[in-house]
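> Sequence and predicted structure below; questions after.
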Amino acid sequence: WDEAALDTMAGQSAAATSVPQMPASQPTDAGGVGRAPEDALERSSAPEGGCNDQSLLEVSPLGAGPAEGVLVELNGCKLLVGCPWGTVADLEALGLTVGEIDAVLLTSVQSGCGLPELFGSGGRQGIGRPPRVLGTIPVLAALEARLADIAAAVLLEEAQDAATVGPMEASRRRITTREDVQRMLEVAQEVSYGEEVVIEGVNGPVVATAACSGYGLGGCYWTLQSLGVNVAAMGASSFCTGGASRYVNLDSVGKANVLIIPSGSCNLSGARQSREVDTAKSMANVASEAAALVKAGNSVVMPVGGDFFTLTVDIVEALGHALAELPREAQVPIFVVGSLARFLRRCSTYAEWAESERLEDAYEGRSPFLLEDLRLTHRLVLADSLHDLKAAYREPFVALLPALGPDDDLETKLPPSVPSASGVVERAQSVLAHLRGLVGPASPAGAGGQT
């Protein structure tokens with residue numbers, strides 16, 4: 001793709017609802033692990049004379065908020081590329097049930113936040129076979145940790161509501177439990193970049209392939225092939241460089257006949273400029289501000305939510321570098337709590353999804369990420385809950401917490417409002433008061449700063 005092509009695409013508005021007859025062509029070779037069976041590729045090729053008059057491709061937007069998905073109906077196969085909040089209601093508005101969905105293709109953490117709603121609806125409708133769920137290993141791991149935290153928060157809110165609205169009404173608000181999350185994602189299929197997966201539809205197979213989107217570890221978009229038509233469906237994507245994840249792979253997009261871009265997933269109008277944006281430098285600027293606050297004796301609380309989840313590695317590495325530049329007495333610990341901590345514990349096994357230099361480090365026996373070095377020097381503490389920080393707690397500190405407050409976009413089906421400064425400060429002070437309460441009445445060394 002050259003700059004002119006990007007500028008042209010940025011000026012176009014896609015409102016395709018169907019694709020007319022198209023010439024026959026063989027699906028492109030993904031060249032990766034897990035080629036689809038040859039018979040599936042042959043059955044997904046266009047018959048002689050092209051397609052019939054039946055609509056071959058239909059696209060319907062789904063969900064509300066920053067994470068959007070699309071329902072792609074290709075050759076009779078119904079695929080959800082992303083399953084955000086509100087997907088069930090949108091399917092019902094289209095006259096569809098969960099049982100008619102053949103597969104859910106995840107692109108990022110946010111793209112799977114509607115799965116509990118989808119599976120719960122399928123159970124109420126008596127659907128015996130849930131749809132297949134496909135995603136990369138990092139995205140599935142982050143989604144499991146993320147949904148488990150939300151489930152715990154909802155159960156706590158349910159217990160509080162039971163005293164006011166009654167236990168029956170409170171239980172209806174439940175999204176899912178931690179055990180439900182584990183069972184739901186146990187059946188999910190893990191895929192690698194370039195791996196071809198055959199999804200059988202009523203009219204024949206569709207071959208789905210994940211490609212790197214450049215947005216966090218394991219972030220991807222999907223190409224779908226059937227009857228000689230190659231469709232690329234984007235999710236959260238990034239053209240930036242310098243982070244832990246790979247750079248976006250646009251080879252599959254360039255070969256597509258149809259490109260689907262949900263609004264907000266990526267900004268093609270800024271693609272030319274964003275090629276020059278270095279993720280590491282952007283993270284370094286944030287980390288430098290945090291280090292300056294720490295040097296002045298303050299503590300820093302950073303809520304992390306949504307698709308920033310898989311960027312936690314980049315945030316922690318940037319903080320580690322910034323704090324290392326401070327005087328030794330100012331090199332404070334980095335506390336990572338809850339689902340963020342559970343995700344980071346598994347990151348040492350995600351070298352396959354990292355950029356090439358980090359992958360080479362893993363092959364040569366070195367840690368692909370800075371996380372292990374920070375943990376060995378006790379500068380990074382991973383805790384399942386705030387209570388687990390009692391032994392390591394001291395001030396000042398930098399803490400990364402899952403964003404589960406009322407302004408978190410995972411807690412609402414509406415577009416998130418920008419949290420007020422007072423709300424953020426109140427939450428930070430609340431966390432600090434809770435941590436100090438765990439330590440006891442005696443103030444820890446260095447206490448007394450702002451948060």
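Everything's here; your move.
> Now do the strands in the stretch 51-200 of the chain.
Taking DSSP state E, counting those that start in this stretch to define them, one finds strands in the stretch 51-200 of the chain at 57-62, 69-74, 77-81, 103-105, 132-136, 189-191, 196-201.
> Between strand 196-201 and the second one, find me the angle.
Between the direction of strand 69-74 and that of strand 196-201, the angle (axes from the mean of the first three to the mean of the last three C-alpha atoms, to 10 degrees) works out to 70 degrees.
> contacts for strand 69-74?
Contact with strand 69-74 is made by 55-63, 78-84, 87, 90-91, 94, 96, 111, 114, 201, 206, 224, 226, 229, 231, 233, 260, 262, as judged by C-beta atoms under 8 Å, 6 or more residues apart in numbering. Bear in mind the C-beta positions are built from the backbone N, C-alpha and C, glycine included.
> And it, what's buried?
Across strand 69-74, burial judged by 16 or more other C-beta atoms under 10 Å covers 69-74.
> so which helix or strand takes in residue 206?
Secondary structure from DSSP states H and E places residue 206 in strand 204-212.
> circling back: among the buried residues of strand 69-74, which one sits closest to residue 392?
Nearest to residue 392 among the buried residues of strand 69-74 is residue 69, at 39.8 Å by C-beta to C-beta.
> that older thread, out of the strands of the stretch 51-200 of the chain, flag the one nearest residue 212.
Comparing the strands of the stretch 51-200 of the chain by C-beta to C-beta, strand 132-136 comes nearest, at 9.2 Å.
> follow-up on the earlier one: I'd like the strands of the stretch 51-200 of the chain laid out as CSV, including distance to residue 337.
Converted to CSV, the strands of the stretch 51-200 of the chain look like this (distance: least, C-beta to C-beta, whole Å):
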stretch, distance to residue 337
strand 57-62, 32
strand 69-74, 29
strand 77-81, 31
strand 103-105, 29
strand 132-136, 24
strand 189-191, 26
strand 196-201, 35
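> Nearest to residue 333 among those strands would be which one?
With C-beta to C-beta as the criterion, residue 333 lies closest to strand 132-136 of those, at 30.8 Å.
> Pop out the phi and psi values for residue 224.
For residue 224, the backbone dihedrals (degrees, to the nearest 10) come out as phi -130, psi 130.
> Surely residue 209 is in contact with residue 194?
Yes: the pair residue 209 / residue 194 is scored as a contact, 6.5 Å apart, by C-beta atoms under 8 Å.
> show me the contacts for the closest residue to residue 70 other than its chain neighbours.
Leaving aside its chain neighbours, residue 70 sits nearest to residue 81 (5.1 Å; criterion: C-beta to C-beta, 6 or more residues apart in numbering). Residues near residue 81 by C-beta under 8 Å, 6+ apart: 69-72, 105, 107, 111, 222, 233, 235, 260.
> Tell me where the model's unsure across this protein.
The chain contains residues with pLDDT under 70 at 1-55, 63-67, 122-128, 153-178, 263-281, 404-429, 431-432, 434-436, 438-451.
> Residue 144: how many residues sit nearby?
Residues lying near residue 144 (other C-beta atoms under 10 Å) number 22.
> Just give the closest residue to it, not the sequence neighbours.
Closest to residue 144 by C-beta to C-beta, 6+ apart is residue 185, at 4.9 Å.
> do the same with residue 374
Of all residues not flanking residue 374 in the chain, residue 380 sits nearest, at 3.6 Å (C-beta to C-beta, 6+ apart).
> now the one you found: how far from residue 320?
7 Å (C-beta to C-beta, to the nearest Å).
> Could you do residue 358 as well?
15 Å.
> Residue 217 too?
Going from residue 217 to residue 320 by C-beta to C-beta gives 17 Å.
> between these two, which one's more packed in?
residue 217 (28 against 20).
> so what's the more buried one closest to, chain neighbours aside?
residue 138 (4.2 Å).
> Check residue 203 too.
Using C-beta to C-beta, 6+ apart, the closest residue to residue 203 is residue 76 (3.5 Å).
> ok, now which ones touch the one you found?
201-204.
> try residue 379
Shown in contact with residue 379 (C-beta under 8 Å, 6+ apart): 320, 323, 331, 333-334.
> can you rerun that using 6 Å?
The contact partners of residue 379, taken as C-beta atoms under 6 Å, 6 or more residues apart in numbering, are residue 333.
> Against residue 371, how distant is it?
Distance of residue 379 to residue 371, computed by C-beta to C-beta: 10 Å.
> hang on, the earlier thing: show the buried residues in the contacts of strand 69-74.
56-57, 59-60, 62-63, 78-84, 87, 90-91, 96, 111, 114, 201, 206, 224, 226, 229, 231, 233, 260, 262.
> thinking residue 215 is in contact with residue 235, fair?
No: look at residue 215 against residue 235 with C-beta atoms under 6 Å: they stay out of range, at 7.7 Å.
> What ranges does the stretch 351-451 of the chain have for its strands?
Under DSSP E, counting those that start in this stretch, the stretch 351-451 of the chain gives strands at 380-383, 398-402.
> hmm, who's touching the shortest one?
Contacts to strand 380-383, defined as C-beta under 6 Å, 6+ apart, come from residues 333-337, 341, 344-345, 374, 389, 392.
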